[in-house]
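>>> here is a sequence together with a model predicted from it:
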Amino acid sequence: MKSINWVINGVLVVAVAVLYFLHFSETNTPIKASALSAGGTKVAYFEIDSIQNNYEFFKEVKSALQVKDMENSKQLTALKNAFAVKYQDLQKNGQYLSQAEIGSRQQELAQLEKNYTNKEQQLSQELQEESFKRLQEVKKKIEAFLESYNKNKAFAYIFSSNPDLMYYKDTAYDITEDIVKGLNSEYKSKK
């Protein structure tokens, strides 16, 4: 489960960084006069961990990925157990076997170990691809909601607060609660 959380958080950090880059690289976008206040550009932020913990669609995606991770673990455990049984059998009965039989069983064990390694890599890659795909769905839903949410708010920028990227934030500009409520309301209405 720690690996799935690491993957999810990693993908979200990358997604935020990409959004940040893409947003700032769009120099052709006209600045609306309403987006500027007397003090300058209006900026808001939301806490990504609150979205992760409270957005129902994200929780469903995370749960589905965790189930897949557990299924993968079961498959790998079954392969490990099959190897362990054969290895223990060889240890227990090796003294009664001929050199040819011992060699044959050692080759079989080597093949089982190779199969395990290949399966582990395959399942890991599949889980990473599925995680990326599903988290892109979450990201797109958040982006679409923020676009709709911001029509009346006139923020020039809405950032995701990530401890690694943000050093100071004034909680007066925290719109997390609005986003969580809006995303969940929108998600429930589409079910």
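Arrived safely, thanks for sending.
>>> where does the protein dip in pLDDT?
Residues of the chain that meet the criterion pLDDT under 70 lie in 1-39, 165-167.
>>> tell me who's in contact with Ser124.
Applying Cβ atoms under 8 Å, 6 or more residues apart in numbering to Ser124 gives the contacts Asn72. C-beta here means a position set from N, CA and C on the backbone, and glycine is covered the same way.
>>> in a helix, it, correct?
Yes - assessed with DSSP: H, G, I helix; E, B strand; the rest coil, Ser124 lies in a helix.
>>> mind checking how far it is from Ala144?
31 Å (Cβ to Cβ, to the nearest Å).
>>> can you map out the strands along the chain?
With DSSP state E, the ranges of strands along the chain come out as 36-37, 40-41, 43-47, 157-161.
>>> looking at the ones you listed, which is nearest to Glu108?
Closest to Glu108 of these, according to Cβ to Cβ: strand 157-161, at 51.2 Å.
>>> what pairs with that closest one, and is each one parallel or antiparallel?
The pairing partners recorded for strand 157-161 under DSSP bridges are strand 43-47 (parallel).
>>> the partner strand: which residues count as buried?
By neighbour count on 16 or more other Cβ atoms under 10 Å, the buried set for strand 43-47 is Ala44, Tyr45, Phe46, Glu47.
>>> can those residues go into a markdown table with extra columns for distance to Glu177?
Formatted as a markdown table, the buried residues of strand 43-47 follow (distance: Cβ to Cβ, whole Å):
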| residue | distance to Glu177 |
| --- | --- |
| Ala44 | 12 |
| Tyr45 | 12 |
| Phe46 | 9 |
| Glu47 | 9 |
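>>> quick check, nearest of those to Gln75?
Glu47 (36.0 Å).
>>> isn't the closest one up against Ser161?
Yes - in this structure, Glu47 is within contact of Ser161 by Cβ atoms under 8 Å, at 5.0 Å.
>>> if I look at Val43, how far off is Asp170?
10 Å.
>>> who's in contact with Ser73?
Going by Cβ under 8 Å, 6+ apart, the list of residues near Ser73 is empty.
>>> on that earlier part again, farthest-separated two in the buried residues of strand 43-47?
Largest separation among the buried residues of strand 43-47 by Cβ to Cβ: Ala44 and Glu47, giving 11.5 Å.
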